[in-house]
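Colleague: mind folding the following:
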Amino acid sequence: MIKQSITISILTLLLSSCATNYTISTNVDQDKIEHYFSPAQVTIFQDESEFNSRSHYLGMVEGEACQLKAQHDSPDKIIARTNARRAAYQLKANAIIFTGCSAVIKDNGAKACYATLLCYGKAYQIEQK
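Modeller: Numbers count the residues shown, from 1 in each chain. Presented below is the predicted three-dimensional model:
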């Protein structure tokens, strides 16, 4: 019993002494993290009447979803809207009102996409209370 207690105590001391000597190095790029999470900073509204405080219109934005080849999945509306939110964030917007989406189907034009879905929105900066 005493031997077991001493062994546990020694192991605990060894583990706790090692715990403070760790340094973490990562290859995560802060700009990429901000870019990845930027759509979450832009709230979707149905219209201006939903704004709870003063707002400033920043401009129109668009987001694109691309279908590379005919046999691939169709362009995804969620991706197009997320890309529009990302574009709104680049304008320093924190709100967006989508005005619509439109699909364009091509055969093999100059662009790399077989079909494209574009979603359009109005970007706003809403004052925080």
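Colleague: give the rounded mean pLDDT of stretch 89-106.
Modeller: Mean pLDDT, stretch 89-106: 91.
Colleague: please, which helix or strand holds the residue sitting nearest the centre point of the chain?
Modeller: Nearest to the mean C-alpha position of the chain, by Cα atoms, centre = their mean, lies Phe37 at 3.5 Å. Applying DSSP states H and E as the criterion places Phe37 in helix 30-37.
Colleague: partners of whichever helix or strand comes after that helix, with directions?
Modeller: Using DSSP H and E, the helix or strand that directly follows helix 30-37 along the chain is strand 43-45. For strand 43-45, the paired strands and their directions (DSSP bridges) are strand 95-105 (parallel).
Colleague: using CSV, list the CA coordinates for the helix or strand just after the partner strand.
Modeller: Using DSSP H and E, the helix or strand that follows strand 95-105 in sequence is strand 115-126. This file holds the C-alpha atoms of strand 115-126, laid out as CSV (Å, rounded to 0.1, in the frame of the first residue of the first chain):
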residue,chain,number,x,y,z
ALA,A,115,-22.6,26.3,-64.2
THR,A,116,-22.5,29.2,-61.8
LEU,A,117,-24.9,30.4,-59.1
LEU,A,118,-24.6,34.0,-58.1
CYS,A,119,-26.3,35.4,-55.0
TYR,A,120,-26.6,39.2,-54.5
GLY,A,121,-27.0,41.2,-51.4
LYS,A,122,-26.9,44.6,-49.8
ALA,A,123,-24.2,45.1,-47.2
TYR,A,124,-24.8,47.3,-44.2
GLN,A,125,-22.9,48.4,-41.1
ILE,A,126,-25.3,48.5,-38.2
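Colleague: alright, I will stop here.
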